[in-house]
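**Student:** quick one, fold the following:
(2 chains)
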Amino acid sequence: MRVGRSVPPLKQLKVRPIIAGRLLLIACALLGSCDVSARTLDDIIASKTLVFGINPNLPPLGLYDEKNTIDGFDVAIARKLAAALGVSLEIVPVTPSDRIPFLMADKVDVVSGGMTRNPDRLKVIDFTDPVNTEVLGVLTTEDKPYKDWHQLNDRTVRLVQVRGTTPVRLIRDKLPNAQLLLLDNYPDAVRSIAQGRADALIDVLDFVLKFTQNYPTKWRVVAAPIEVGYDCLGIKKGNTALTQRMNKEIRILHSSGFVSESWRSWFGHPMLYDPTAPSP
Amino acid sequence: MTLQFGPILEQWPYLLGGAWLSLQIAVLAFACGMLIGLLCASILQYGPSSMRRIVGAYVTFATNTPQLVQIFFLFYGLPEVGVTLSPFTAVLMGATFNAGAYLCEIQRSGFASVKHAELESAAVLGFSRMQIIRHVTFPHVMKVMFPPLSNQFIVMTLGTSMASIFGVEELTGRIDNLGAETYLSVEAFLVAAVLYIAITLLATWLLTLYGRSVCRARMDIL
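**Tutor:** All right, here's what the predicted structure looks like:
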């Protein structure tokens, strides 16, 4: 004998599809928004716009000018690249911690802003050839005795860093004994040293020294550098045609002298290490 | 894009430590804020006019400026005059300062809800002043105040997420660190959302049980 299914109460019949539908909508909102492919080189040229992520709080790579628009070394490079593609440039402000998520969520086509090439980042995004180098060093004050960055591996040393930046991992691996204060941006990190809240900061000093001018503190840079990093443009993984085209344009910018001239113009001194030379 | 929760969930002791720190900030700020709020509400209800004006200015200032700005002043402003607070202390003081004003208003409205006739009736029945507070004022006030107090506690718990801006490694700060290290920011913040929901649902449940049993407040258990 075939037993028929019992009929659910009217309330259940109505409510279950509604709940399921809402859950589906939420799931689509969460997952669907991530599941979009990057804009290809052809898409960018067809749309006539290159969307470029730039950190405006990393002067002179990126900064807000007196008209409150984003300018700087990265913007100069971005303008040249957009012009080479024959498209207009759209700048999207990014921070150190959200620049890669912005790229992965296709909110930008290309991202700069101190994008140091490293193996971990290479697992999730692609990099172009280097645009500039970064020399990693230690910023401290004259009253501190440090002569080498290894001396910072001490429980009494209070380091301050910007959340999401490369030196944070270096400190966790190489200087595990030092105290570590993580703040959200460079002005606050430098201010915390000036106010005596921290003893030193490890970062690319070319970018950080600008912030020290706001304070009467007697600043000092530890003479021995830690390492040389290579800043590239970040591109979504697999967007090969765009990466190759950017590489071609970057080579032209180097050979024409535009990169070095622009660096000197924005930083006031030549780049410390040639990005087209082999690593030291 | 496939979501990968594994590298985030592997760090569960680190995340639970952050959640515990968030809860500590919320509970301590709420407890201290309750004392400040009680003192200020008492002054607003029973104090002299000069004191009422001072408390009124505090409540107006604290409720009309963002908590972030208040903590920013404590963290970065005070060192300019020689007072350097630790990140945890600055955040706790800022959260307490902000909460005190809101909790003052909640408690003041609770005091104001006690009808004069109830107090007169108690006095006529021969209750002493302490007995009136114990048997008339307190039960009435708690019944009225408990739901908004619970809401304020939940708001404060979620508000602890701004502590990471000042270097306190609570839940949001640790999630941000994991997102930066693993490049799984979407997964990291989804885990954070689930943990915050768990914390607030647990707190709501405990507060509701307490409110229903001790304060006789009319609150549904979830």
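**Student:** now do the buried residues in whichever strand or helix holds A:Ile91.
**Tutor:** If you go by DSSP states H and E, A:Ile91 is part of strand A:88-93. By 16 or more other Cβ atoms under 10 Å in any protein chain shown, the buried positions in strand A:88-93 come out as A:Leu89, A:Ile91, A:Val92, A:Pro93. From N, CA and C alone the C-beta is placed, and that goes for glycine too.
**Student:** where does pLDDT dip in the stretch 1-150 of chain A?
**Tutor:** Along the stretch 1-150 of chain A, the parts satisfying pLDDT under 70 run over A:1-36.
**Student:** going along the chain, name the helices of it.
**Tutor:** A:10-27, A:41-47, A:73-85, A:99-104, A:119-124 (DSSP state H, counting those that start in this stretch).
**Student:** in the host helix or strand of A:Leu253, what counts as buried?
**Tutor:** Assigned by DSSP H and E, A:Leu253 belongs to helix A:240-255. By 16+ other Cβ under 10 Å, the buried positions in helix A:240-255 come out as A:Leu242, A:Thr243, A:Arg245, A:Met246, A:Asn247, A:Glu249, A:Ile250, A:Leu253, A:His254.
**Student:** what of stretch A:224-242?
**Tutor:** Residues A:225-226, A:228-236, A:239, A:242 are the ones in stretch A:224-242 that count as buried (16+ other Cβ under 10 Å).
**Student:** need those in TSV with pLDDT, secondary structure and distance to chain B, can you?
**Tutor:** What follows is these, written out as TSV (pLDDT from 0 to 100; DSSP: H, G, I helix; E, B strand; the rest coil; distance: Cβ to the nearest Cβ, whole Å):
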residue	pLDDT	secondary structure	distance to chain B
A:Pro225	80	coil	24
A:Ile226	87	coil	19
A:Val228	82	strand	22
A:Gly229	85	strand	16
A:Tyr230	91	strand	19
A:Asp231	93	strand	17
A:Cys232	96	coil	16
A:Leu233	97	coil	17
A:Gly234	96	strand	11
A:Ile235	96	strand	15
A:Lys236	95	strand	10
A:Asn239	95	coil	14
A:Leu242	96	helix	18
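**Student:** which one of those is nearest A:Asp98?
**Tutor:** Within the buried residues of stretch A:224-242, the smallest distance to A:Asp98 is 12.2 Å, found for A:Gly234 (Cβ to Cβ).
**Student:** ok so, going back, tell me the gap between the helix holding A:Leu253 and the middle of its chain.
**Tutor:** Centroid separation between helix A:240-255 and its chain, computed with Cα atoms, centre = their mean, to the nearest Å, is 20 Å.
**Student:** that older thread, and the buried residues of helix A:240-255, which is closest to A:Ala84?
**Tutor:** A:Glu249 (4.6 Å).
**Student:** my guess is the closest one contacts A:Ala84. True?
**Tutor:** Yes. At 4.6 Å, A:Glu249 and A:Ala84 qualify as touching, with contact defined as Cβ atoms under 8 Å.
**Student:** tell me which helix or strand comes right after the helix holding A:Leu253.
**Tutor:** The first helix or strand that comes after helix A:240-255 along the chain, using DSSP H and E, is helix A:258-267.
**Student:** contact partners of that following helix?
**Tutor:** Contact partners of helix A:258-267, identified using Cβ atoms under 8 Å, 6 or more residues apart in numbering or on different chains, comprise A:60-61, A:72-73, A:76-77, A:80, A:131-132, A:206, A:250, A:253-254, A:270-271, A:275.
**Student:** equivalent analysis for stretch A:138-156, please.
**Tutor:** The contact list for stretch A:138-156 (Cβ under 8 Å, 6+ apart) reads A:137, A:157, A:159, A:174-179, A:190, A:193, A:199-203, A:205, A:208-209, A:212, A:217-224, A:226.
**Student:** endpoints of that stretch, how far apart?
**Tutor:** From its first residue to its last, stretch A:138-156 covers 16 Å (Cα to Cα, to the nearest Å).
**Student:** tell me which residues of that stretch come out buried.
**Tutor:** By 16+ other Cβ under 10 Å, the buried positions in stretch A:138-156 come out as A:Val138, A:Leu139, A:Thr140, A:Thr141, A:Lys144, A:Tyr146, A:Trp149, A:Gln151, A:Leu152.
**Student:** how about the residues of chain A by chain B?
**Tutor:** Proximity of chain A to chain B, by Cβ under 8 Å from any Cβ of the partner chain, involves residues A:30-31, A:34-35, A:96-98, A:100-101, A:104-105, A:120-121, A:123-124, A:160, A:163-165, A:168-169, A:181-184, A:188, A:191, A:195-197.
**Student:** out of the residues you listed, which end up buried?
**Tutor:** With burial judged by 16+ other Cβ under 10 Å, the buried subset of these is A:96-98, A:100-101, A:104-105, A:121, A:124, A:160, A:163-165, A:168, A:181-184, A:188, A:191, A:195, A:197.
**Student:** who are the packing partners of the helix or strand of chain B with the lowest mean pLDDT?
**Tutor:** When the helices and strands of chain B are scored by mean pLDDT, DSSP states H and E, helix B:129-132 comes last with a mean of 86. Judged by 3 or more Cβ pairs under 8 Å, 6 or more residues apart in numbering or on different chains; DSSP states H and E, helix B:129-132 is in contact with helix B:116-124.
**Student:** tell me how far the helix it packs on lies from the chain's centre.
**Tutor:** 33 Å.
**Student:** check contacts around B:Thr84.
**Tutor:** Contact analysis of B:Thr84 by Cβ under 8 Å, 6+ apart lists A:Gln195, A:Gly196, A:Arg197, B:Leu78.
**Student:** pLDDT value on it, please?
**Tutor:** Looking at B:Thr84, its pLDDT stands at 93.
**Student:** that one and A:Gly86: what is the separation?
**Tutor:** 54 Å (Cβ to Cβ, to the nearest Å).
**Student:** same question, A:Ser97
**Tutor:** Per Cβ to Cβ, A:Ser97 is found 33 Å from A:Gly86.
**Student:** all helices for chain B, in order.
**Tutor:** For chain B, the helices defined by DSSP state H cover B:6-9, B:12-46, B:49-63, B:67-72, B:87-112, B:116-124, B:129-132, B:138-159, B:171-182, B:185-213.
**Student:** who wins for proximity to B:Ile165 among those?
**Tutor:** Counting by Cβ to Cβ, and looking across all of these, nearest comes helix B:67-72 at 7.2 Å.
**Student:** so that closest one, near chain A or not?
**Tutor:** No. Contact between helix B:67-72 and chain A is absent, the nearest approach being 9.4 Å (criterion: Cβ under 8 Å from any Cβ).
**Student:** buried ones in that helix?
**Tutor:** Buried-residue list, helix B:67-72, by 16+ other Cβ under 10 Å: B:Gln67, B:Gln70, B:Ile71, B:Phe72.
**Student:** who's in contact with that helix?
**Tutor:** Contact with helix B:67-72 is made by B:62, B:90-91, B:93-95, B:97-98, B:159, B:162-163, B:165-166, as judged by Cβ under 8 Å, 6+ apart.
**Student:** tabulate these (a markdown table), appending distance to chain A and pLDDT.
**Tutor:** Converted to a markdown table, the contacts of helix B:67-72 look like this (distance: Cβ to the nearest Cβ, whole Å; pLDDT from 0 to 100):
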| residue | distance to chain A | pLDDT |
| --- | --- | --- |
| B:Ala62 | 23 | 96 |
| B:Ala90 | 10 | 97 |
| B:Val91 | 13 | 97 |
| B:Met93 | 16 | 97 |
| B:Gly94 | 15 | 97 |
| B:Ala95 | 18 | 96 |
| B:Phe97 | 20 | 97 |
| B:Asn98 | 20 | 96 |
| B:Gly159 | 17 | 94 |
| B:Met162 | 10 | 94 |
| B:Ala163 | 12 | 95 |
| B:Ile165 | 5 | 94 |
| B:Phe166 | 7 | 95 |
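**Student:** perfect, that will be all.
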